[in-house]
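> got a structure for you, letters missing:
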Ligand code: NAP
């Protein structure tokens, strides 16, 4: 129970990796605030982990600000911030619309920035804090048909590194976790899109994504969640500003 007494905010905690993170952090004793758009999903996770649900649209800065105001009344201190809310859409770069670009940048990078800006200073004042940004190995390298997604995840990692230098003397750490393909709805949607485009069926599409990892499989959400929890421990205080791939060796730094 190394997180007993700590409060964690997990964005996009209603399903997938975010739900796994909420579950693992709560299992280590944290009180978890589960933020997201889809009320039934965030309420279900919050109920399962004995935490709180917080409505927030990460694409809309006003909604993020309103969520922060509500958060202050319900959980006055946030010790752990996990910026996990994310969206992925693929297109050739010359068919990537302004809307797709702005949406992915806003949800994936913009909301993480707004929450870091609001929540890290009080962590520094309190003398302890942990921030984990759910980036992607698409933040460490380029993938075809993913220019906006890759840019948003590179932005998250760049932000993580810059903040890490600025706050290095505090007892607050900030890191990025960089999964490869993870077995969630996001991957299911990619499988569907690839099958549609290639006409080779969903099994073939799924195998092609699995084949991107040297381990020839997708990562399970709880594998990512355990890395997040490790980064939230006291023992991880020297791991700072890092981008940790969790991808079966797909990208090696
Ligand atoms: P997922 O199952 O699609 O979950 C995404 C989560 O983000 C959902 O809870 C979703 O909730 C939330 N979200 C999306 N748009 C939002 C918005 N505008 N406001 C608030 N919440 C929003 O995908 P996942 O695989 O768990 O992804 C979690 C994170 O891991 C993402 O940042 C993703 O980029 C990253 N990642 C995933 C993979 C993968 O292969 N799955 C690989 C590398 C990195 P609502 O829809 O209710 O808003």
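Received it, and whenever you're ready, just let me know what you need. Note that this is a predicted model, so its numbers are computed, not measured. Residues are numbered from 1 along each chain as shown.
> Next to the ligand in this structure, residues from the stretch 51-200 of the chain, please.
Residues of the stretch 51-200 of the chain found near the ligand (Cβ under 6 Å from any ligand atom) are 56-59, 84-88, 107-108, 134, 136, 179, 181-182, 184-187. C-beta coordinates here come from the backbone N, C-alpha and C atoms, glycine included.
> Please flag which of those residues sit within strands.
Counting by DSSP state E, these place 134, 179 in strands.
> Now the buried members of the residues of the stretch 51-200 of the chain next to the ligand.
Buried by 16 or more other Cβ atoms under 10 Å: 56-59, 84-88, 107-108, 134, 136, 179, 181-182, 184, 186-187, out of these.
> now, which of these lie within helices?
Of those, the ones assigned to helices by DSSP state H are 186, 187.
> Would you check how far apart residue 36 and the ligand are?
The gap separating residue 36 from the ligand is 4 Å, by Cβ to the nearest ligand atom, to the nearest Å.
> what's across from that residue in the sheet?
For residue 36, the beta-bridge partners under DSSP bridges are residue 55.
> Give me the neighbour count for it.
27 (other Cβ atoms under 10 Å).
> ok, now which ones touch it?
Residues in contact with residue 36 (Cβ atoms under 8 Å, 6 or more residues apart in numbering) are 11, 12, 13, 14, 18, 42, 55, 56, 85.
> repeat that for 10 Å
Counting by Cβ atoms under 10 Å, 6 or more residues apart in numbering, residue 36 touches 10-15, 18-19, 42-43, 45-46, 53-58, 67, 84-85.
> for residue 56, same thing?
Contacts of residue 56 (Cβ under 10 Å, 6+ apart): 9, 11-12, 33-37, 42, 63-68, 70-71, 85, 111, 115.
> The same query, at a cut-off of 6 Å, please.
35, 63, 67 (Cβ atoms under 6 Å, 6 or more residues apart in numbering).
> Any of the contacts of residue 36 buried? List them.
Buried subset of the contacts of residue 36 (neighbour count, 16+ other Cβ under 10 Å): 10-15, 18-19, 42-43, 45-46, 53-54, 56-58, 67, 84-85.
> by contact count, what packs against the helix ranked longest in the chain?
Ranked by residue count under DSSP H, the longest helix found in the chain is helix 147-166. The contact analysis (3 or more Cβ pairs under 6 Å, 6 or more residues apart in numbering; DSSP states H and E) places helix 147-166 against helix 98-104, strand 172-179.
> show me where pLDDT drops low in the stretch 151-253 of the chain?
Applying pLDDT under 70 to the stretch 151-253 of the chain flags residues 253.
> Excluding chain neighbours, what is closest to residue 28?
Distance criterion Cβ to Cβ, 6 or more residues apart in numbering; nearest residue to residue 28, sequence neighbours excluded, is residue 3 at 4.2 Å.
> Where do the domain boundaries of this structure fall?
Domain assignment of the chain by automatic domain parsing yields the ranges 7-180+221-243, 182-218.
> Any chance of TSV for these, columns distance to residue 249?
What follows is these, written out as TSV (distance: least, Cβ to Cβ, whole Å):
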stretch	distance to residue 249
domain 7-180+221-243	9
domain 182-218	4
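> Give me whichever of these is most buried.
domain 7-180+221-243 (a mean of 20; mean count of other Cβ atoms under 10 Å).
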